[in-house]
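Colleague: pasted the sequence and its predicted model underneath.
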Amino acid sequence: MQNVIAAGLGIGDDYPPRIMGVLNVSEESPYDPSVYDDPGEAAEYVDSELIAEGADIVDVGLESANKRFEVLSAEEELDRLDTALETIESVSGDAVFSIETRYGEVADEALSRGFDMVNDICGFADPRMPDVCRDHDAAVVKMASPPDLERPGAIEKVDDIYDALKREGLTDKTIVDPAFGGWSEAKTLADDRETFRRLREFRGLGQPILVSINRKNFLRELADRSTDEALPVSLAATSMAVERGAHVVRTHDVAETADAAKIGAAFARERLGDDELGVEELDVTSAAETARHLERLGADPDRADDATTRVFELSGLAAAERETLAAAAADAGVVFTTGTAGDLLAGSPAALARLRDAVTGASDRLGAIFDTVTRPKR
């Protein structure tokens, strides 16, 4: 996993989860507590409500990315940039400042005048953006998006989101954002939940991951909560996202989110490795996740079924069924071991498929068992 250094702030597996607080200087933005058009008031908000509560990064939005509003041109964004710059110059606390924009021209101006990194909500739809960020040696968040400057994040399916993040490549300092939220009319809450369920797959890109899930509809619906009531579900999802591999959490609720992220990090699985030896244990729980890493490494993703282990407990096997499995398991490359209270079956999806073929016809129950254990898992 590539770590990213953003103005001295480390982001990635080797660092604690980072919290990105939000400041909007856009009058269209829907979340009133974060919207300011006076630089002094904005700076006070950043110091007291964001940095003091644990924000490592402050993301400054020049316009609302909500699809209901007209998209500002680069010139219109630049007209608002002075307010953002006056704000960060007046902040007394220490944070990394990110400019949210879709335009390379705006990013270049912002980075030249004091901003530290870029949050590109259109995912390099402006082909100048990667070069601008490289020229400034700046970290950049690349949000999954069609190659269209007017359609940020308007992608529904996980595989398409993954492909969009790869499009136009990744800089050495890219942080990927799978773009949760209602960015298109076609995107459903189920699409967002599937993306969250498969969040570990995005580790296959080899770059740090940012999630923006604060009070999002796909979480609120599960608990039947309004936006004002949705903080608890956001915090639960934050811990889960960090445990699944997210490195940056973008939020309006900084202090609470920082606590939730610490819990997720504390209970995340340990990944063994040695940088000097070039050894890194990958965080995979399914063949689909393994396939993403194989693709990144230039290896054959079809080998994922050979490279992922699944473990099952079996109960109620007859003596003859146990004997059948024991006789065929070793040749199939599967571990089958019996115990007094049940049996354990472990192997890669490919090995389990070989064992299924070997015992087909031995009994209807074994056939039904292997229909279950060889079912593809996301």
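Modeller: Cool, the structure landed.
Colleague: may I see the buried residues of the longest helix anywhere in the chain?
Modeller: Secondary structure of the chain read by DSSP state H shows that its longest helix is helix 74-90. Buried residues in helix 74-90, defined by neighbour count with 16 or more other Cβ atoms under 10 Å: A74, E77, L78, R80, L81, T83, A84, L85, T87, I88. C-beta coordinates here come from the backbone N, C-alpha and C atoms, glycine included.
Colleague: A43: which of those is nearest?
Modeller: Set against A43, the nearest of these by Cβ to Cβ is T87 (5.1 Å).
Colleague: so where's the stretch 101-250 of the chain uncertain?
Modeller: Residue ranges of the stretch 101-250 of the chain with pLDDT under 70: none are present.
Colleague: residues contacting D126?
Modeller: R102, Y103, G104, E105, D120, L149 (Cβ atoms under 8 Å, 6 or more residues apart in numbering).
Colleague: need those in JSON lines (columns: secondary structure).
Modeller: Shown next, in JSON lines, are the contacts of D126 (DSSP: H, G, I helix; E, B strand; the rest coil):
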{"residue": "R102", "secondary structure": "coil"}
{"residue": "Y103", "secondary structure": "coil"}
{"residue": "G104", "secondary structure": "helix"}
{"residue": "E105", "secondary structure": "helix"}
{"residue": "D120", "secondary structure": "strand"}
{"residue": "L149", "secondary structure": "coil"}
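Colleague: who's in contact with the longest helix of the chain?
Modeller: With Cβ under 8 Å, 6+ apart, helix 74-90 has contacts from 23, 25-26, 36-37, 39-40, 42-43, 46, 58, 60, 62-63, 72, 97, 99, 101, 103, 105-106, 109-110, 113-115.
Colleague: what mean pLDDT does that helix get?
Modeller: Taken as a whole, helix 74-90 carries a mean pLDDT of 93.
Colleague: how about that helix as PDB, C-alpha atoms only?
Modeller: Extracted C-alpha coordinates of helix 74-90, given in PDB (Å, rounded to 0.1, in the frame of the first residue of the first chain):
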ATOM      1  CA  ALA A  74     -13.300  27.800 -13.500                       C
ATOM      2  CA  GLU A  75     -13.500  31.600 -13.700                       C
ATOM      3  CA  GLU A  76     -16.500  31.600 -11.300                       C
ATOM      4  CA  GLU A  77     -14.600  29.400  -8.900                       C
ATOM      5  CA  LEU A  78     -11.500  31.600  -9.100                       C
ATOM      6  CA  ASP A  79     -13.700  34.600  -8.100                       C
ATOM      7  CA  ARG A  80     -14.500  32.800  -4.800                       C
ATOM      8  CA  LEU A  81     -10.900  31.700  -4.200                       C
ATOM      9  CA  ASP A  82      -9.900  34.900  -2.500                       C
ATOM     10  CA  THR A  83     -12.300  34.200   0.300                       C
ATOM     11  CA  ALA A  84     -10.900  30.800   0.800                       C
ATOM     12  CA  LEU A  85      -7.300  32.100   0.800                       C
ATOM     13  CA  GLU A  86      -8.100  34.900   3.200                       C
ATOM     14  CA  THR A  87      -9.600  32.300   5.500                       C
ATOM     15  CA  ILE A  88      -6.700  29.900   5.600                       C
ATOM     16  CA  GLU A  89      -4.300  32.800   6.100                       C
ATOM     17  CA  SER A  90      -6.300  33.800   9.200                       C
END
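Colleague: before we move on, back to that, okay if I get the contacts of D126 as CSV plus neighbour count and distance to P16?
Modeller: Shown next, in CSV, are the contacts of D126 (neighbours: other Cβ atoms under 10 Å; distance: Cβ to Cβ, whole Å):
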residue, neighbour count, distance to P16
R102, 30, 29
Y103, 25, 32
G104, 21, 31
E105, 17, 34
D120, 27, 24
L149, 16, 34
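Colleague: quick one, strands of the stretch 101-250 of the chain?
Modeller: For the stretch 101-250 of the chain, the strands defined by DSSP state E, counting those that start in this stretch cover 117-120, 139-143, 174-177, 210-211, 248-251.
Colleague: the third one packs against which elements?
Modeller: With contacts defined as 3 or more Cβ pairs under 8 Å, 6 or more residues apart in numbering; DSSP states H and E, strand 174-177 has these neighbours: strand 139-143, strand 210-211.
Colleague: what about 7 Å?
Modeller: Packing partners of strand 174-177 (3 or more Cβ pairs under 7 Å, 6 or more residues apart in numbering; DSSP states H and E): strand 139-143.
Colleague: what pairs with the strand it packs on, parallel or antiparallel?
Modeller: Looking at strand 139-143 with DSSP bridges, its partner strands are strand 117-120 (parallel), strand 174-177 (parallel).
Colleague: using CSV, list the CA coordinates for the last one.
Modeller: What follows is strand 174-177 as a C-alpha-only set of coordinates in CSV (Å, rounded to 0.1, in the frame of the first residue of the first chain):
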residue,chain,number,x,y,z
THR,A,174,-3.3,10.1,-5.1
ILE,A,175,-5.9,9.2,-2.5
VAL,A,176,-8.9,7.4,-4.0
ASP,A,177,-12.6,8.2,-3.1
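Colleague: so among the contacts of helix 74-90, which ones count as buried?
Modeller: Using 16+ other Cβ under 10 Å as the burial test, the contacts of helix 74-90 include 23, 25-26, 36, 39, 42-43, 46, 58, 60, 62-63, 72, 97, 99, 101, 103, 105-106, 109-110, 115 as buried.
Colleague: could you measure from Y45 over to M1?
Modeller: 34 Å (Cβ to Cβ, to the nearest Å).
Colleague: gap between the residue nearest to the spatial centre of the chain and R269?
Modeller: The centroid of the chain falls nearest to I209 when counting by Cα atoms, centre = their mean (4.4 Å). To R269, I209 is 16 Å away according to Cβ to Cβ.
Colleague: could you do A138 as well?
Modeller: The gap separating A138 from R269 is 31 Å, by Cβ to Cβ.
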